[in-house]
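Student: no letters, just coordinates:
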C-alpha cells in the first residue's frame with residue numbers, strides 16, 4: 001500500500017466512487033481517503049497532524065457540502081497549509097458555475113486548479129502526474 005494519499009472531500013457518493021474506480025483502474029500509487037464534508041476532513045487531518053502524520057499529497061475538494069463547505073474548510077485548514085514544507089496540492093472539483101467561486105479559488109495559493117464536474121479520469125491521472133514531477 002502506498003504512503004501517498006489522495007483525499008476526496010465531497011458529499012456526492014457517485015463522485016467518490018468514480019474517483020476510486022479511476023485511481024484503482026489506472027494503477028495510480030495512492031491511498032484514497034474520503035470524507036462527506038469539510039468538517040470530517042478537517043477533524044481527521046487535524047488529528048493526523050497532532051499524531052505527527054503528514055498531510056495528503058492531493059486534496060480534491062467540493063465547494064457545496066453540508067456542515068462545512070469547501071470555503072470553510074479552506075479557511076480552517078489554511079494555517080496548517082501555510083508551512084513552507086507543505087506539499088499538499090488542492091484542486092477544487094465542483095458543479096458550481098459561479099465565476100466568483102473560480103475567482104475566489106485564485107486567492108488561495110494552495111489551490112492548484114479548479115475543475116468542473118463531471119471530471120474525467122484523464123484529469124485525475126494528470127493531477128497525480130503533476131505531483132510526481
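Tutor: The structure has been received and is ready for your questions. Predicted model only: the values in this text are computed from it and were never measured.

Student: so for stretch 14-34, first residue to last residue, what's the gap.
Tutor: 12 Å (Cα to Cα, to the nearest Å).

Student: and that stretch, what's buried?
Tutor: By neighbour count with 16 or more other Cβ atoms under 10 Å, stretch 14-34 contains the buried residues 15, 16, 18, 19, 22, 23, 28, 30, 32, 33, 34. Yep, even glycine has a C-beta here, placed from its N, CA and C like the rest.

Student: contacting residues around the most centrally placed residue in the chain?
Tutor: Central residue of the chain (Cα atoms, centre = their mean): residue 59, 1.8 Å from the mean position. Contact analysis of residue 59 by Cβ atoms under 8 Å, 6 or more residues apart in numbering lists 6, 7, 9, 41, 88, 89, 90, 91.

Student: in the sheet, who's paired with it?
Tutor: residue 7, residue 90 (DSSP bridges).

Student: ok, now how distant is it from residue 53?
Tutor: Counting by Cβ to Cβ, to the nearest Å, the gap from residue 59 to residue 53 is 15 Å.

Student: repeat for residue 129
Tutor: Distance of residue 129 to residue 53, given as Cβ to Cβ: 25 Å.

Student: give the residue spans of this protein that score low on pLDDT.
Tutor: The model of the chain has pLDDT under 70 over residues 1-2, 82-86, 132-133.

Student: in contact with residue 113, which residues?
Tutor: So residue 113 contacts 91, 92, 127 (Cβ under 8 Å, 6+ apart).

Student: could you give the bridge partners of it?
Tutor: Under the criterion used (DSSP bridges), residue 113 bridges to residue 91.

Student: so where do the helices sit in the protein?
Tutor: 13-25, 38-50, 70-81, 99-105, 121-132 (DSSP state H).

Student: what's the first-to-last distance across stretch 100-111?
Tutor: OK, stretch 100-111 end separation, Cα to Cα: 15 Å.

Student: what's in contact with it?
Tutor: Residues outside stretch 100-111 that contact it (Cβ under 8 Å, 6+ apart): 63, 71, 74, 78, 81, 86, 88-92, 94, 114.

Student: same thing but 7 Å
Tutor: In this structure, residues lying in contact with stretch 100-111 by Cβ atoms under 7 Å, 6 or more residues apart in numbering are 63, 74, 81, 88, 90, 92, 94, 114.
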